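In: Fold the following, please.
(one chain, ligands or ions: 1)
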Amino acid sequence: MDSDSDDEYWGTYQRLPQETTRLPFSSFSSQGVSQSLDFSWNDPCGSAKLSAGSIGSTPSIFSQETVELEPGALISVGSRCFELHDLLGVGSFGSVWCATCHTSGATVALKEILSLNKESMEAAKLEAQRLHALHDVIQDRSGCAALPNLLAAATATYGNGYRTVMVMEQIPGEPLRQALEGGQLLVPRGDPMAQAVYFASEMLRQLAMVMHPLSKRFLHRDANSQNILVQASSGQYHFGLIDFGLAVDAMSWSCGGWRGYGASGDGRFWTTSSWMLFTSGPEALDSACEDLQSEYTLRTDLHSVGLSALQALVVLSEDADWLNNHGEVAMESLRNLREAWKQYWCYASSCWERVLDAFNRDARGAIKMQLRQELVHETFAAHFTKLHECLLQVRSSLYASKECRGGKLGDRCLALRVVEALLHMISTGRRWTDGCGAWEQVLELMCETSQTWTGHVLFFPQSGLACASFILLAEVRSTARKNVWLLWMRCYA
Ligand SMILES: Nc1ncnc2c1ncn2[C@@H]1O[C@H](COP(=O)(O)OP(=O)(O)OP(=O)(O)O)[C@@H](O)[C@H]1O
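Out: Got it, this is the predicted structure:
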């Protein structure tokens, strides 16, 4: 039986990891909360303490000390009481419920994490602390993807282990992966390609607005289409980012702390370097080229969000007949991109299945060795390079395309910005142009609003028949930080 202590766990892991195996409720003793462990933080505004406390600390309203989570159950966290409704979702680490606060009437998400040992209980508490820290990271949230602010949290002993409960803001919507599978994201009579481009642009814009400030403080390490929530309403989209259970401090991570952690999250969204670390350990990255190490320390979130956006773009524009009927170069290149994505997804999914299967059989070492021998990281790198080539083709064809606003690609400028952002985000493992401003660059691209004015300046030469007409194109690009005037002169004689 293998036991790699630095392995971390991910959303699609079929069997719950040992550290966080749910304890059967029937085995709870009535003294389950006898040694409650409270933790609380100072309110970021300095006004009040968060209402963290022990579960069951106001037992008078309950008939039992240890409340089983089910619809209708009342649970007290700190000074507030919450009534549970439906299960919002179940992950590898916990179950999340929709609940209402009895005091404020607010609808919240209540996450329960059961841990068998102190170490994993500490990890659960860390997740709550990180959620709390999100308060400070982003002050102005207008237009941003939503983040689940922490409202209350508590840990208590529970049977032979611990139970941590986190109450956070409920983010509307459903995981992007499910939403894409559900096929209800686009409005029925709209142009699918234009809508897909708009969807991807909004997703990247809203997420970059939170990831840019967030990346200075944390690395999320599991930012993929399962943890990106989306709410669609009449062609408008609101995104959210959840699950900070695997997040780490950005500063200590980049100063070498990464060596102490295994690859985390869903392997289908990993970088080449994550696969290398997973199969061969941190030493392999130490001796690999500098670019791969930088990729691993700086770009994993960027890459996984980029792949998720590409996934959305591909799935939402998936209307084979519609695409096949168009011979335009742009459509051709989009078709190639779609094909490259399908091949990538097929390969990544089969690798990931093998990993999950091996983990479920406690054969971690064996699968790592097999994948190492197969040089999977090189195959992943080849897929990412192919995706890049296809994106570059799409970009060139968009530049060459005569279609502009209202054309089949919707707003061509918007499509170009999405493609530029994806080229920047999806990493091939090779050096990129501007590492420090990684998210900043996406933010600038996606928050850019551009308007074009066209003026005609006619010059009539004194002699001869020639008449030259100059067309002056002036474009104002207001990016997140600056306004840039771009002027072009075109000469028609
Ligand atoms: N704040 C929230 N608002 C709305 N829904 C939420 C929220 N937090 C979690 N959920 C729902 O609960 C599900 C599981 O939550 P979460 O991803 O935090 O659990 P986890 O055990 O850490 O999962 P994972 O296996 O991905 O690590 C999510 O996929 C989502 O559907």
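In: Give the pairing partners of the strand or helix carrying Val230; include direction for each.
Out: Using DSSP states H and E, the element containing Val230 is strand 228-233. Sheet pairing here is set by DSSP bridges, and for strand 228-233 it gives strand 174-175 (antiparallel), strand 236-241 (antiparallel).
In: Going along the chain, name the helices of the chain.
Out: Ranges of helices in the chain, per DSSP state H, are 118-137, 176-182, 192-214, 250-254, 272-280, 282-287, 290-298, 300-316, 320-324, 329-360, 364-373, 376-400, 412-425, 438-446.
In: Looking at those, spot the one closest to Gln231.
Out: Comparison of the helices of the chain against Gln231 by Cβ to Cβ identifies helix 176-182 as nearest, at 8.8 Å. Using the backbone N, CA and C atoms, a C-beta is placed for each residue, glycine as well.
In: tell me the angle the strand holding Val230 makes with helix 300-316.
Out: On the basis of axes from the mean of the first three to the mean of the last three Cα atoms, to 10 degrees, strand 228-233 is oriented at 40 degrees to helix 300-316.
In: Between helix 192-214 and strand 228-233, find me the angle.
Out: Going by the same axes, to 10 degrees, strand 228-233 makes 130 degrees with helix 192-214.
In: now what about strand 228-233, what contacts it?
Out: Strand 228-233 is contacted from outside by 145-146, 171-176, 179, 184-185, 203, 207, 237-242, 305, 308, using Cβ atoms under 8 Å, 6 or more residues apart in numbering.
In: quick one: low-confidence parts of the stretch 1-150 of the chain?
Out: The stretch 1-150 of the chain contains residues with pLDDT under 70 at 1-66.
In: right, I mislabeled it, should have said the stretch 251-400 of the chain
Out: For the stretch 251-400 of the chain, the ranges with pLDDT under 70 are 319-329.
In: could the helices of the chain go into a markdown table alongside mean neighbour count?
Out: As requested, these are exported to a markdown table (neighbours: other Cβ atoms under 10 Å):
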| stretch | mean neighbour count |
| --- | --- |
| helix 118-137 | 19 |
| helix 176-182 | 18 |
| helix 192-214 | 23 |
| helix 250-254 | 15 |
| helix 272-280 | 25 |
| helix 282-287 | 14 |
| helix 290-298 | 20 |
| helix 300-316 | 25 |
| helix 320-324 | 11 |
| helix 329-360 | 18 |
| helix 364-373 | 16 |
| helix 376-400 | 18 |
| helix 412-425 | 22 |
| helix 438-446 | 22 |
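In: got the ones you listed as a markdown table, with distance to Gly161 columns?
Out: Below are those laid out as a markdown table (distance: least, Cβ to Cβ, whole Å):
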| stretch | distance to Gly161 |
| --- | --- |
| helix 118-137 | 7 |
| helix 176-182 | 30 |
| helix 192-214 | 31 |
| helix 250-254 | 28 |
| helix 272-280 | 28 |
| helix 282-287 | 30 |
| helix 290-298 | 33 |
| helix 300-316 | 31 |
| helix 320-324 | 51 |
| helix 329-360 | 21 |
| helix 364-373 | 23 |
| helix 376-400 | 36 |
| helix 412-425 | 39 |
| helix 438-446 | 38 |
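In: Would you format the strands paired with strand 228-233 as JSON lines with distance to the ligand and mean neighbour count included?
Out: Converted to JSON lines, those look like this (distance: least, Cβ to the nearest ligand atom, whole Å; neighbours: other Cβ atoms under 10 Å):
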{"stretch": "strand 174-175", "distance to the ligand": "5", "mean neighbour count": "18"}
{"stretch": "strand 236-241", "distance to the ligand": "7", "mean neighbour count": "20"}
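In: Make JSON lines out of those and add mean pLDDT.
Out: Formatted as JSON lines, the strands paired with strand 228-233 follow (pLDDT from 0 to 100):
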{"stretch": "strand 174-175", "mean pLDDT": "96"}
{"stretch": "strand 236-241", "mean pLDDT": "96"}
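In: Make JSON lines from those and add distance to Gln343 to it.
Out: What follows is the strands paired with strand 228-233, written out as JSON lines (distance: least, Cβ to Cβ, whole Å):
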{"stretch": "strand 174-175", "distance to Gln343": "24"}
{"stretch": "strand 236-241", "distance to Gln343": "27"}
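In: now for those strands, which one comes closest to Thr103?
Out: Taking these one by one with Cβ to Cβ, strand 236-241 is closest: 24.1 Å.
In: Please list the residues of the stretch 251-400 of the chain that sit near the ligand.
Out: With Cβ under 6 Å from any ligand atom as the criterion, the stretch 251-400 of the chain does not meet the ligand at any residue.
In: gap between the closest residue to the ligand within the chain and Phe239?
Out: Residue of the chain nearest the ligand, by Cβ to the nearest ligand atom: Gly91 (1.9 Å). Distance, Gly91 to Phe239, using Cβ to Cβ, to the nearest Å: 19 Å.
In: Over to the residue of the chain closest to the ligand: give its phi and psi.
Out: phi -120, psi -170 (degrees, to the nearest 10).
In: wait, it sits on Ile242?
Out: No. Counting by Cβ atoms under 8 Å, Gly91 does not reach Ile242; the two are 9.5 Å apart.
In: Distance from the chain centre to the strand holding Val230, please.
Out: How far strand 228-233 lies from its chain's middle: 13 Å, per Cα atoms, centre = their mean, to the nearest Å.
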